[in-house]
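[1] turn this into a structure:
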Amino acid sequence: MTTEAPVNSPVKPESKFGTRLRNFLIVIVAIALSVALFLGLRTENNSISVAELGKNSTPLEVALSNGKPSIVEFYADWCTVCQKMAPDLAQIEQQYADKANFVMLNVDNNKWLPEMLKYRVDGIPHFVFLTKDGESIAQAIGDIPRNIMASNLEALVTGSPLPYAKASGQTSKVSAPVAPTGQDDPRSHGSQVVN
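    Numbering: from 1, shown residues only. Here you go, the predicted structure:
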């Protein structure tokens with residue numbers, strides 16, 4: 001014998017209002033979860049800024065005296081390519097922190113003008129690879145893929161030629177002193193007056 005529910009059961013079908021309210025709440029929760037997931041992944045990928053790298057970098061004076069090879073990056077907080085490269089450089093720095101110095105010099109700080117002139121920085125990011133003795137052996141400018149930067153760094157720490165950087169070979173000496181134009185803005189690429 002089976003028992004069946006009476007035809008006039010007290011259970012009422014859900015009203016149109018209740019169905020709409022339930023569906024509306026499901027949509028709201030789904031949207032909220034999607035936004036949270038998107039923002040969470042976005043934050044995870046760009047978790048470090050170039051300014052943070054600059055604050056935590058090895059001071060130039062220490063890098064030139066501690067017997068380790070160095071990579072010096074000339075950067076600016078407003079530089080979009082510098083910002084884009086920051087997470088990759090942070091990972092490379094973690095991998096090579098005990099073998100090489102990572103020096104960050106902000107081109108907006110006039111303190112670094114002598115170094116900017118010495119290494120002829122006219123675009124950023126500008127990377128200078130220094131031996132453990134502080135000798136410049138190569139430079140690279142612009143957006144450099146992480147695998148290429150890692151290959152250059154591996155060669156730097158092993159004392160091998162850098163496979164992907166333009167070597168700083170012999171250049172013509174300028175006999176006239178180079179004088180700043182009086183413009184303090186490193187973003188200005190105007191010509192300098194040479195006496």
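[2] please parse the protein into its domains.
    As assigned by automatic domain parsing, the chain contains the domains 18-47, 50-167.
[3] looking at these, which is buried most?
    Comparing these by mean neighbour count (mean count of other Cβ atoms under 10 Å), domain 50-167 ranks first with a mean of 17. For glycine as for every other residue, the C-beta is placed from the backbone atoms N, C-alpha and C.
[4] for it, what is the average pLDDT?
    Averaging pLDDT along domain 50-167 gives 91.
[5] tell me the contacts of the residue positioned nearest the centre of the chain?
    Residue closest to the mean C-alpha point of the chain, counted by Cα atoms, centre = their mean, is Ala86 at 1.2 Å. Contact partners of Ala86, counting by Cβ atoms under 8 Å, 6 or more residues apart in numbering, are 46, 48-50, 52-53.
[6] could I get the residues you listed in a markdown table, plus columns for secondary structure and distance to Leu117?
    Below are these laid out as a markdown table (DSSP: H, G, I helix; E, B strand; the rest coil; distance: Cβ to Cβ, whole Å):
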| residue | secondary structure | distance to Leu117 |
| --- | --- | --- |
| Asn46 | coil | 32 |
| Ile48 | coil | 29 |
| Ser49 | coil | 27 |
| Val50 | helix | 22 |
| Glu52 | helix | 27 |
| Leu53 | helix | 23 |
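[7] with distance to Leu130 added, can I get those in TSV?
    Formatted as TSV, those follow (distance: Cβ to Cβ, whole Å):
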residue	distance to Leu130
Asn46	28
Ile48	23
Ser49	24
Val50	20
Glu52	23
Leu53	18
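[8] relative to Met104, which of the residues you listed is nearest.
    Leu53 (5.6 Å; Cβ to Cβ).
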